[in-house]
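Engineer: Output the structure for:
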Amino acid sequence: MLGVATLLLALYVVIQQFPRGLIVLACVAAALAAGWYGLLRRGVLRLVSLGVALVALAVPVVLLLTDGDHLAEAILIGVGLTASLALARAAFRRRVSLPAAPRPDRPVLFYNPKSGGGKAERFALADQARARGIEPIELTRGADLTELVEKSVADGADALAMAGGDGSQAVVAAKAAELNLPYACVPVGTRNHFALDLGVDRDDVVGSLDAFVDGGERRVDLAEVNGHVFVNNVSLGLYAEAVQRPGYREAKLRTLLDTVPDVVGSGDQLDLAWRGPGGHEHRSGAAVLVSNNRYRLGTAVGSGTRPRIDDGRLGITVAAAPIGRPGRFAQRPWREWSAPEFEVRSDHPVMAGIDGEAVTLDPPLRFRIKTGVLRVRIAKNHPGASPSAAIPERAWDAVRALVGIAAGQTQQTKET
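Structural biologist: Numbering: from 1, shown residues only. Just a heads-up that it's a prediction; the model follows:
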């Protein structure tokens, strides 16, 4: 209801302020064009283009501030749209009741004290683990995580948890899946994408340890490329080039921006070959993203998350690089589909970012999904499902679902 009221108010303001609304739209379009041109250039051209973009964005703000009669209405529209999206996310939030699982006898927690700016130390994670009967093992500088896991299992560990970034999560999850042991994800990394899509509450770091106390269990997929297991995704192209560069860890955004002109602005296509969903041969564009299950992309609510992580299919997205003048592409600028397997061929080793870690792979790159191989434990008080699990794919279906929720339909479900 708030969203509808906000849109009606916005329509009223546009009509009342005609043609000011057209000027605002033109400024926004000019800002986007100048900003895109600037990202593809370096030095003075980049600075000038981004300056033009900022000026174009400033014009609507100045028009708004100089029109005191409609300032309050504009503020109401901004607040209304922001609140509507937040309420929609809350309405679609899904909580599942997972089948109860027996408490393990010798669970082990591996933790990286440096992840997420030292979250493990701030939350006294080792002490909290001991209080729950979980043995904590610190990942020190130079230690091999795979060897630590194998040694713990040899010593009798019957459940494995990892508190660290998603790259470390993949190492422990792969070993847990190989040995059919329960696994728990403790969100102490920077973004904790895997934890989010599993349904772990990222704001409840200590509570995630209760996965081995009163948690439920579900089976989810893992994926692999040339023997490397990943929990989130593998990037080729723009992001993969960026993570390979010196200084990426210290200045991620700056390194990524410096990489854009080389990968996108040059107009050159990556030397990679792949087949699309129709079986036709293609050359890749600026970036290729292969994920463990499909990501929801480009939506107002739930974008950047995976509705499911047990669908048994890879998510594949290919973004093309423009050629010649901006906006002109040699092939479709955006392709997105899913498949159980995917292969990328090349005449030379390929740089890749696997769950954010820089790796060089020998071609061909063979991706495949590993269906239901990981026994995940999730604390009873955590959602147990992705924040986008209950969001319909189409906008009209989402509106109908919101009406149903308002009428009293529940989002509580049970996993079997």
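
Engineer: what stretches of the stretch 301-416 of the chain score poorly on pLDDT?
Structural biologist: Filtered on pLDDT under 70, the stretch 301-416 of the chain yields the residue ranges 321-333, 409-416.

Engineer: where do the strands sit along it?
Structural biologist: 314-319, 334-339, 341-345, 350-354, 357-361, 365-378, 413-414 (DSSP state E, counting those that start in this stretch).

Engineer: Can you tell me which of those is most buried?
Structural biologist: strand 350-354 (a mean of 24; mean count of other CB atoms under 10 Å). In short, each C-beta sits where N, CA and C put it, glycine included.

Engineer: Sheet partners, orientation included, of that one?
Structural biologist: Paired neighbours of strand 350-354 in the sheet (DSSP bridges): strand 233-237 (antiparallel), strand 357-361 (antiparallel).

Engineer: and of the ones you listed, who's closest to residue 379?
Structural biologist: For residue 379, the closest of the strands paired with strand 350-354 is strand 233-237, at 25.2 Å, according to CB to CB.

Engineer: okay, the strands paired with strand 350-354 in JSON lines with distance to residue 312 next?
Structural biologist: Rendered in JSON lines, the data for the strands paired with strand 350-354 read as follows (distance: least, CB to CB, whole Å):
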{"stretch": "strand 233-237", "distance to residue 312": "16"}
{"stretch": "strand 357-361", "distance to residue 312": "23"}
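
Engineer: So which of those is nearest residue 404?
Structural biologist: strand 233-237 (32.5 Å).

Engineer: Now do the closest one and strand 341-345, the angle between them.
Structural biologist: 20 degrees (axes from the mean of the first three to the mean of the last three CA atoms, to 10 degrees).

Engineer: Residue 206 is nearest to which of the strands of the stretch 301-416 of the chain?
Structural biologist: So among the strands of the stretch 301-416 of the chain, strand 365-378 is nearest, using CB to CB, at 14.5 Å.

Engineer: That closest one: partners in the sheet, and parallel or antiparallel?
Structural biologist: strand 182-186 (parallel), strand 216-225 (antiparallel), strand 341-345 (antiparallel).

Engineer: now it against strand 314-319, angle please.
Structural biologist: Using the same axes, to 10 degrees: strand 365-378 against strand 314-319 is 130 degrees.

Engineer: how much does strand 365-378 deviate in direction from strand 334-339?
Structural biologist: Using the same axes, to 10 degrees: strand 365-378 against strand 334-339 is 70 degrees.

Engineer: Contact partners for residue 308?
Structural biologist: Applying CB atoms under 8 Å, 6 or more residues apart in numbering to residue 308 gives the contacts 293-294, 386, 389.

Engineer: now, among the residues you listed, which is nearest to residue 28?
Structural biologist: Once CB to CB is applied, the member of the contacts of residue 308 that ends up nearest residue 28 is residue 294, at 30.4 Å.

Engineer: How about that closest one: what's its closest non-neighbour residue?
Structural biologist: residue 315 (3.4 Å; CB to CB, 6 or more residues apart in numbering).

Engineer: tell me the average confidence for the helix or strand that contains residue 148?
Structural biologist: Using DSSP states H and E, the element containing residue 148 is helix 145-154. For helix 145-154, mean pLDDT rounds to 96.

Engineer: ok, then the element right after that helix?
Structural biologist: Counting by DSSP H and E, the next helix or strand C-terminal to helix 145-154 is strand 159-163.

Engineer: And that following strand, what does it pack against?
Structural biologist: strand 107-111, helix 145-154, helix 166-179, strand 182-186 (3 or more CB pairs under 8 Å, 6 or more residues apart in numbering; DSSP states H and E).

Engineer: Just the angle for the last one relative to strand 107-111, thanks.
Structural biologist: In this case it means strand 182-186. 30 degrees.

Engineer: on that earlier part again, touching the helix holding residue 148 from outside, list them.
Structural biologist: In contact with helix 145-154 (CB under 8 Å, 6+ apart) are residues 108, 110, 135, 137, 139, 160, 168, 171-172, 175, 179, 181.
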